[in-house]
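Enquirer: sequence and computational prediction follow.
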Amino acid sequence: MIKNQDDRSRAIDDLIENVKAQDFIPEEGNPAYALTNGKQFHMPAYVPYVGPEYFKHHPRILCYAINQNLSKHRSWSDIWMREWSLDQMCAIDRLNRAAECGRAIPIKPYAEGFMPLAAILCILAYTRRNSAELPITIDAVVSVTNFVKFSKSDNASSSEIPDSWWRESGSRYVRHEIDILQPDLIVTFGKRTYTELARVLSDTNCQFNKQQIRECRFPGRIPSEKARPVRGNDKVYWTQDILPLTSRIESPLESFVTWRMTRFPGYFVDIAKEWNLL
C-alpha cells in the first residue's frame, strides 16, 4: 500500500503501467479516436492527476468526472491533442503533465472550479469532526480523473457513451486506481458516474464502500440554466463559509476556461446541505 508522498511517483508509475498493459481500444459505438492535422488517431486511456501532497494528507479525496471532450470545442483542443498524438507517454500522463506546465487540468468541471470547491467542502466536514486543518491549496492534496477514459471526436457528450465503455473503464482502470490511490472519500459528478462507481465497488473485494462516496449533480448543465440566487441564511453561509474557500484553489497559469464556480452559489449551498454541513 502507498503510504506517503515519497511514493507518489511510484503510484503514478504503477497506474501508467496498468494503462499500458491493458492496450485497450473500445470499438462499440464507433471507434474512440481523436482528430488532428486531418488524421485520426486512437488516444490511449490516461491516469489520474495526483497532487504532490496527496499521500501526506487526510482525508484523501479522489474526484471522478464523466469523460474528456476530444472534439474541437476549444482553441486548446487541437494544440494539446497534437502533443498527445506525438508522445504516447504524454497522452497517458496528460493530467499530471498539464499541471506541471502550469496549465489547467484538462477536465472541464475541475478547471472551472466546481470539483475543487466540492472537494474542499468534503475536507471541511472532516476538519470539523477531527480538529484537522484545511490544506493550503486543494490542488496539492486532491486526485482527479474521468471515469470513462475514452471519447469520440465527433460527439463527446455523456449521453453518447456506450455502456461497454463504462464497464471496461470501470474494470480495467477505475478499480485499479482506487486500489492504488486508497482514497478516504470519492466525489462523483453525474448520476451515471455514481452508479457505475458503486457497481465497481460491489463487484470487487475492495474495502471501500458506498458510504464513502459523495455524489454531485454534474455542473456541466448549470451554465444553460439561470443561476439560483441565494438569500437569507443561504447567502450568509455562501459569503462567510464557502466563498472564502475559493482562495485555496490555485489559478492555473494557462487556463482554457473561465472559472464559473462563483457564479452559481446555490449549487454549492445545495451540496453543503446534502452533506449536512449547514
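Expert: Cool, got the structure.

Enquirer: elements contacting the strand or helix carrying Pro116?
Expert: Using DSSP states H and E, Pro116 sits in helix 114-130. With contacts taken as 3 or more C-beta pairs under 8 Å, 6 or more residues apart in numbering; DSSP states H and E, helix 114-130 sits against strand 61-65, helix 138-141, strand 142-146, strand 185-189, strand 213-216, helix 265-274. Backbone N, C-alpha and C define where each C-beta goes, glycine included.

Enquirer: tabulate these (TSV), appending distance to Trp165.
Expert: Formatted as TSV, the helices and strands packed on helix 114-130 follow (distance: least, C-beta to C-beta, whole Å):
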stretch	distance to Trp165
strand 61-65	14
helix 138-141	28
strand 142-146	11
strand 185-189	17
strand 213-216	20
helix 265-274	27
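
Enquirer: just the mean pLDDT for stretch 13-33, thanks.
Expert: When pLDDT is averaged along stretch 13-33, the result is 81.

Enquirer: buried ones in it?
Expert: Across stretch 13-33, burial judged by 16 or more other C-beta atoms under 10 Å covers Asp14, Leu15, Ile16, Asn18, Val19, Gln22, Phe24, Pro26, Ala32, Tyr33.

Enquirer: same check, this time on stretch 83-92
Expert: By 16+ other C-beta under 10 Å, the buried positions in stretch 83-92 come out as Trp84, Ser85, Ala91, Ile92.

Enquirer: what do you get for stretch 44-63?
Expert: Residues of stretch 44-63 classed as buried: 44-51, 53-57, 59-63 (neighbour count, 16+ other C-beta under 10 Å).

Enquirer: can I get stretch 90-103 in CSV, CA atoms only?
Expert: Included here for stretch 90-103 are C-alpha records, laid out as CSV according to Å, rounded to 0.1, in the frame of the first residue of the first chain:
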residue,chain,number,x,y,z
CYS,A,90,2.4,12.4,-22.7
ALA,A,91,-1.1,11.2,-23.6
ILE,A,92,-1.2,8.7,-20.9
ASP,A,93,0.0,11.1,-18.2
ARG,A,94,-1.7,14.1,-19.7
LEU,A,95,-3.3,15.4,-16.5
ASN,A,96,-0.2,15.4,-14.3
ARG,A,97,1.9,16.9,-17.1
ALA,A,98,-0.6,19.7,-17.7
ALA,A,99,-0.4,20.7,-14.0
GLU,A,100,3.4,20.6,-14.1
CYS,A,101,3.3,23.0,-17.1
GLY,A,102,1.0,25.4,-15.2
ARG,A,103,-1.9,24.5,-17.4
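
Enquirer: where does pLDDT dip in the chain?
Expert: Applying pLDDT under 70 to the chain flags the ranges 1-6, 27-32, 35, 71-76, 152-158, 204-209, 223-226.

Enquirer: quick check: closest non-adjacent residue to Ser251.
Expert: Trp259 (7.6 Å; C-beta to C-beta, 6 or more residues apart in numbering).
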